[in-house]
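Asks: coords please:
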Amino acid sequence: MSLPNFDVRSRFRAGLPEPTPLWRGMKPYTFDSGHNDPQLIPVQGLAEAARIVIAREGQRLAIYNQGAGPQGYPGLRDFVGKKLAQRGITAAADDILITSGSGQAIDLVNNLLLEAGDTVLVEAYSYAGALRKLKARGINIIGIPLDKQGIRTDALATLLAELAQKNITPKYIYTIPTVQNPTGAILGLARRQELVALARRYQTLILEDECYADIIWQGEAPPALYALAPEWVIHISTFSKSLAPSLRVAYLTALPTVLRQLIALKNDGGTGALDQLIAAEYFSAHFDEHIARLRQVLGQKLAVMAQTVNDAFGEVARPWLPQGGIFLWVELPEGTDTRLFVAPAAEQGISFNPGSDWAADAEGAKHWLRLCFALASEQQIRDGVRKLAQIILAHPALAKRRVTPKVNA
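Replies: Presented below is the predicted three-dimensional model:
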């Protein structure tokens, strides 16, 4: 007797994402994701830091968490505490949790706070990874309008009041106030104060993501939201952008009541020890000089990309110039759908992020695209952006269309 064919997919749970295709390598013109410049990785410095710290601490690798408890390597937490002080935050080593990338930190916060059907406020344009995590949990996501200064706190006040009338209290406001992703805006001090005042008034927590705060072109950012109102804010950041994305090292700080519960939820056996040891050893001696070089090189690459976008697209594209970070957020005429260009661009060796993936309202952002300028060389930026412009401008909806540039609202 023959048995019926069995399809293992019949045992998969509902609501899964599409299967990931086999990896075929990176495109010659890679403008998607948050990669960094390979030439900015301090290879020799990291190698020396690894030699020193492994010789000194290597035997502790035999013990989970190097025998130092679940919060992470003490040397790294000491460094993070000093780094947080520059953002106005007072945090000792015991107030800090090291995580395996900022994505894990977001997951921990979501595990602590969220249930299906809850409401979370996000910036109208926001980090795609955070949006995906919220959608997977069945969360009601509401976008907060932005302008060139970041969150419009006047619009947030209206939104919170409307929700209060419906007896809805958002579980938290997710914000990237310092070098916002994808716009690159920096929220000013007055708006930061208004934001935390609204959080207090409406009893809503804030999840502050400062993953790009080290990469600012001019001056320094205002104090972190956590420095202004630690009782209402959970603060996370990462070394992925300031050192290397493949080093999965991030950190979180919050009041003890919150932090102790988050640590209880982190049941992974500990963030990778070598990553922590090396990052702490290298940055303890070289952080300032490394960040200065990072800012200089990436600022120049941004200038090249912005100029090339202007030259190649003409008045069809309107770049939103960032105040830091590694992305250029570009607006095309309304009615354009940048998702349509992903496949033809890939055929020409180009990858980019369509705007729909980076917005609370996917359809409302379909005429935007995000370009990472960190990984590619300056010549690759010039060549790749020109090729992308040719693909996009050949579309019938744009072939004869020109738009007068507007100042970002």
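
Asks: contacting residues around the spatially closest residue to Leu146 that is not a sequence neighbour?
Replies: Leaving aside its sequence neighbours, Leu146 sits nearest to Ala124 (C-beta to C-beta, 6 or more residues apart in numbering; 5.1 Å). Every residue, glycine included, has its C-beta placed from N, CA and C. Contacts for Ala124 (C-beta atoms under 8 Å, 6 or more residues apart in numbering) come out as Gly143, Ile144, Pro145, Leu146, Ala359, Ala360, Asp361, Gly364, Ala365.

Asks: next: Glu231.
Replies: Shown in contact with Glu231 (C-beta under 8 Å, 6+ apart): Leu255.

Asks: from now on call the first residue 22
Replies: That works, and once the first residue is 22, the last one we named lands at Glu252.

Asks: quick one: the residue lying closest to Ala386 once chain neighbours are set aside from Ile165, how far?
Replies: Once flanking residues are discounted, Ala386 sits nearest to Ala380: 3.3 Å by C-beta to C-beta, 6+ apart. Remark: distance between Ala380 and Ile165 (C-beta to C-beta, to the nearest Å) = 12 Å.

Asks: Leu177 belongs to a strand, doesn't it?
Replies: No - read with DSSP: H, G, I helix; E, B strand; the rest coil, Leu177 is helix and lies in no strand.

Asks: could you check how far the closest residue to it other than its chain neighbours is from Leu97?
Replies: Computed as C-beta to C-beta, 6+ apart, the closest residue to Leu177 that is not its neighbour in sequence is Ile165, at 5.2 Å. For Ile165, the distance to Leu97 (C-beta to C-beta) stands at 33 Å.

Asks: list the contacts of the most centrally placed residue in the chain.
Replies: The chain has Tyr148 as the residue nearest its centroid, 5.3 Å off, counting by C-alpha atoms, centre = their mean. Residues in contact with Tyr148 (C-beta under 8 Å, 6+ apart) are Ile197, Asn202, Asp230, Trp379.

Asks: quick one: pLDDT of the closest residue to the first one other than its chain neighbours?
Replies: Looking back up the chat, that one is Ile197. Excluding the flanking residues, the one nearest Ile197 by C-beta to C-beta, 6+ apart is Asp230, at 4.7 Å. Reported pLDDT at Asp230 in the predicted model: 97.

Asks: my guess is Asp230 contacts Ile257. True?
Replies: Yes - with contacts counted by C-beta atoms under 8 Å, Asp230 reaches Ile257, the gap being 5.5 Å.

Asks: now do the shared contacts for the two.
Replies: With C-beta under 8 Å, 6+ apart, Asp230 and Ile257 have common neighbours Ser123, Ile127.

Asks: can you tell me the element Val351 falls in?
Replies: Element membership for Val351 (DSSP states H and E) is strand 348-352.

Asks: which elements pack onto the helix or strand following that strand?
Replies: Going down the chain from strand 348-352, the next helix or strand is helix 363-368, by DSSP H and E. Helix 363-368 is packed against helix 399-414, with contacts defined by 3 or more C-beta pairs under 8 Å, 6 or more residues apart in numbering; DSSP states H and E.

Asks: and the angle for the helix it packs on with strand 348-352?
Replies: Using axes from the mean of the first three to the mean of the last three C-alpha atoms, to 10 degrees, the direction of helix 399-414 lies 20 degrees away from that of strand 348-352.

Asks: mind listing what's buried along helix 399-414?
Replies: Buried residues in helix 399-414, defined by neighbour count with 16 or more other C-beta atoms under 10 Å: Gln401, Ile402, Arg403, Asp404, Gly405, Val406, Lys408, Leu409, Ala410, Ile413, Leu414.

Asks: cool, and stretch 34-48?
Replies: So, applying 16+ other C-beta under 10 Å, buried residues of stretch 34-48: Lys48.

Asks: just for this protein, where's the confidence low?
Replies: For the chain, the stretches flagged by pLDDT under 70 are 22-24, 420-430.

Asks: the domain parsing of it - what is it?
Replies: 47-62+310-414, 64-307 (automatic domain parsing).

Asks: dump the ones you listed to a markdown table, plus distance to Val29.
Replies: Formatted as a markdown table, these follow (distance: least, C-beta to C-beta, whole Å):
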| stretch | distance to Val29 |
| --- | --- |
| domain 47-62+310-414 | 29 |
| domain 64-307 | 22 |
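
Asks: go through those and name the closest to Arg34.
Replies: Arg34 sits nearest to domain 64-307 of all these, at 11.4 Å, using C-beta to C-beta.

Asks: now do the closest one: distance to the chain's middle.
Replies: 10 Å (C-alpha atoms, centre = their mean, to the nearest Å).

Asks: what of stretch 386-399?
Replies: 14 Å.

Asks: try stretch 303-310
Replies: 23 Å.

Asks: what does it rub up against?
Replies: Stretch 303-310 is touched from outside by Pro63, Gly66, Leu67, Ala70, Gly96, Phe100, Lys104, Phe260, Leu264, His311, with contacts defined as C-beta under 8 Å, 6+ apart.

Asks: for the contacts of Tyr148, name the two members farthest from one another.
Replies: With distances taken as C-beta to C-beta, the most widely separated pair in the contacts of Tyr148 is Asp230 and Trp379, at 13.7 Å.

Asks: distance of Phe373 relative to Ala397?
Replies: Phe373 is 11 Å from Ala397, where distance means C-beta to C-beta.

Asks: list residues touching both of those two?
Replies: With C-beta under 8 Å, 6+ apart as the test, Phe373 and Ala397 both reach Phe52.

Asks: among the domains of the chain, which comes closest to Leu37?
Replies: Closest to Leu37 of these, according to C-beta to C-beta: domain 64-307, at 9.3 Å.

Asks: what's the end-to-end length of that closest one?
Replies: Counting by C-alpha to C-alpha, to the nearest Å, you get 13 Å between the two ends of domain 64-307.

Asks: got the residue ranges for the helices in the stretch 172-321 of the chain?
Replies: Here the stretch 172-321 of the chain has its helices, by DSSP state H, counting those that start in this stretch, at 174-186, 210-223, 246-249, 277-286, 294-334.

Asks: any chance of those helices in JSON lines, plus mean neighbour count and distance to Arg269?
Replies: Supplementary listing: the helices of the stretch 172-321 of the chain in JSON lines, determined by neighbours: other C-beta atoms under 10 Å; distance: least, C-beta to C-beta, whole Å:
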{"stretch": "helix 174-186", "mean neighbour count": "16", "distance to Arg269": "32"}
{"stretch": "helix 210-223", "mean neighbour count": "18", "distance to Arg269": "29"}
{"stretch": "helix 246-249", "mean neighbour count": "24", "distance to Arg269": "22"}
{"stretch": "helix 277-286", "mean neighbour count": "14", "distance to Arg269": "17"}
{"stretch": "helix 294-334", "mean neighbour count": "18", "distance to Arg269": "6"}
